[in-house]
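Participant: Take this sequence and fold it.
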Amino acid sequence: MSTDVLSPDTSTSPTVQSPWLTVAEAADRARCGPKLIYREVKAGRLKAAKVGGRRELRMLREWIDQWLIAHTTIQ
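Facilitator: Okay, here's the model as predicted:
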């Protein structure tokens, strides 16, 4: 008999990562603060989906990447 701790069977319930990012996750991806994310969404420069409450926003990774590329300055 093994003394290993039993772990949940992941073959029947795989962990699926959502493609949708919260504002905090989007800010981490863009390496900026959440206030900038809110400001850019309000200004119409960054796409976001509004979910439920007043400040519940979700963004796709692709939207964050497109926003960063569009606002890249070459020095």
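Participant: How far off centre is the helix or strand of the chain with the lowest mean pLDDT?
Facilitator: The weakest-scoring helix or strand in the chain, judged by mean pLDDT, DSSP states H and E, is strand 49-50 (a mean of 94). How far strand 49-50 lies from its chain's middle: 12 Å, per Cα atoms, centre = their mean, to the nearest Å.
Participant: Stretch 43-53 now?
Facilitator: Computed by Cα atoms, centre = their mean, the chain-centroid distance of stretch 43-53 equals 12 Å.
Participant: Quick one: the helices in the protein, in order.
Facilitator: In the chain, the helices defined using DSSP state H lie at 23-30, 34-42, 61-70.
Participant: May I have the lengthiest strand in the chain exported as CSV, CA atoms only?
Facilitator: Longest strand in the chain, counting residues (DSSP state E): strand 57-60. The C-alpha trace of strand 57-60 is given here as CSV (Å, rounded to 0.1, in the frame of the first residue of the first chain):
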residue,chain,number,x,y,z
LEU,A,57,-14.4,44.3,-17.6
ARG,A,58,-12.8,41.4,-19.5
MET,A,59,-10.3,41.5,-22.3
LEU,A,60,-8.8,38.9,-24.6
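Participant: re the thing from before, parallel or antiparallel, list what pairs with the least confident helix or strand of the chain.
Facilitator: Here strand 49-50 is paired, per DSSP bridges, with strand 57-60 (antiparallel).
Participant: Other residues contacting the partner strand?
Facilitator: For strand 57-60, contacts defined as Cβ atoms under 8 Å, 6 or more residues apart in numbering pick out 19-23, 26, 37-38, 41, 46-51. For the C-beta atoms, the positions are set from N, CA and C on the backbone; glycine is no exception.
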